[in-house]
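Peer 1: fold the following for me, if possible:
(one chain, ligands or ions: 2)
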Amino acid sequence: MGCNAIFAQDAGFADPKDVVGKDDYQMGWRDQAELYRGDDRQVIESDRSKLLIEEPQTTPEGKTIVLLTSKIPLRSSEGKIIGVLGTYTDITERKRMEEDLRRSRDELEKRVRRRTAELEAKNTEMERFIYTVSHDLRTPLISVSGFLGFLKQDAERGDLDQMQTDLGIANEAITKMDRLLLETLELSRIGRVANPPEDVPFEEIVEDALGQTSEKIRSSGCKVSVAQNLPVVHVDRMRITEVLANLIENSIKYMGLQANPKIEIGQRIDGKDRIFFVRDNGIGIDPSQHDKVFGLFYKVDKKSEGTGAGLAIVKRIIDVHGGRIWIESELGKGCTVCFTLPLDMNSASSR
Ligand code: ATP
Ligand code: MG
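Peer 2: Numbers count the residues shown, from 1 in each chain. Ligands and ions are numbered 1, 2, ... in the order given. Purely as a prediction, here's the structure:
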């Protein structure tokens, strides 16, 4: 093997003369000797150059680099092939940059795909929301329009009593529609108008919520127990109080014929998550309804009191806080509503 000064230097020799007489097996790149010899043989046997091939090389220091190599037949003055002439460029840095570029492009594509999926999910949710709102708002409107027709007939007959009744029913429908609209408005405000989050002991929030619902608790005869050592959470205090008040009211409302009505407010730790819960021993919810009950105006039993907006509002508040909410329940076996919340720095790190 013969070479120029730069090759000798790259191969770890001071002088090109030191390389003369050696072969690939005696160099730092002995691991690739077979590969290089294969190239050489191919060039000699085919009498054709091999240009710009990317190959690895182990340096004298033991590093692996990438070379862009070209090999052409080396001829004697008579034109006979007597060997191979090789040139190379170290493209390790270029390859590294290409790899970095590819990795950031992959990462970017992954992020775009994730964002698109999130947006699609939001879009579907929005479509469902618009459908529900318009559908449920039309019901009382149709009722009003029907009773206006009856009123006309009542007037033609001069039946004042029936007019009073029909007016009353139309009014009820209007009141219901107003409530639905107010609740829709409330739902839309949650993400837009938020109080700045503050560090609050969860116990205080529970106390506030129990204060707000004390009348209902008393008249229902429910026993409420609250766990000790609840952490400090980092939340919009008013909104989370609203969440708890809503859940407590639901527990009271859906107690059924329970002789010992009980509500338990507590927490449990599950892996990395601290999970808060409101548990009751009421009528429970069938697993097929666990997701549906969070839908706006969805009620398992249409005849129960309320419009079915409570849990939709609760879920929206938890969503805005970056938490999750779900139901653990079986029909007839009580209901537990679980949720996660951002904790204050100390509570988060002391878990
Ligand atoms: P609103 O809260 O608007 O007054 P609502 O209580 O019926 O009305 P949500 O709070 O959204 O509406 O609850 C939706 C439905 O989920 C309820 O109608 C009920 O069927 C069911 N549900 C909610 N909480 C419980 C519970 N603790 N036990 C059993 N069923 C429940
Ligand atoms: Mg409710």
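Peer 1: how about low-confidence regions in this structure?
Peer 2: Across the chain, residues meeting the criterion (pLDDT under 70) sit at 349-351.
Peer 1: mind giving me the domain ranges of it?
Peer 2: With automatic domain parsing as the criterion, the domains of the chain are listed as 5-90, 119-189, 198-349.
Peer 1: just name the most buried of the ones you listed.
Peer 2: Of the domains of the chain, the one with the most neighbours on average (mean count of other C-beta atoms under 10 Å) is domain 198-349, at a mean of 17. The way it works is simple: take the backbone N, C-alpha and C, and place the C-beta from them, glycine included.
Peer 1: how about that one and ligand 1, any contact?
Peer 2: Yes. Interface with ligand 1: domain 198-349 contributes 250-251, 253-254, 280, 282-285, 293, 298-301, 304, 306-312, 335 (C-beta under 6 Å from any ligand atom).
Peer 1: from the chain's centre, how far out does that domain sit?
Peer 2: On the basis of C-alpha atoms, centre = their mean, to the nearest Å, domain 198-349 sits 22 Å off its chain's mean C-alpha point.
Peer 1: anything in it sitting right up against ligand 2?
Peer 2: Yes. Contact of domain 198-349 with ligand 2 (C-beta under 5 Å from the ion) involves 250, 310.
Peer 1: and the strands in the stretch 51-200 of the chain?
Peer 2: Ranges of strands in the stretch 51-200 of the chain, per DSSP state E, counting those that start in this stretch, are 64-75, 81-90, 198-201.
Peer 1: what are the phi and psi angles of residue 216?
Peer 2: For residue 216, the backbone dihedrals (degrees, to the nearest 10) come out as phi -60, psi -40.
Peer 1: leaving out sequence neighbours, find the closest residue to residue 148.
Peer 2: Excluding the flanking residues, the one nearest residue 148 by C-beta to C-beta, 6 or more residues apart in numbering is residue 170, at 6.8 Å.
Peer 1: so the one you found touches residue 141, yeah?
Peer 2: No. Assessed by C-beta atoms under 8 Å, residue 170 is found out of contact with residue 141, at 10.6 Å.
Peer 1: quick one on the thing from earlier: which residues touch the residue nearest to residue 148?
Peer 2: 143, 144, 147, 148, 151 (C-beta atoms under 8 Å, 6 or more residues apart in numbering).
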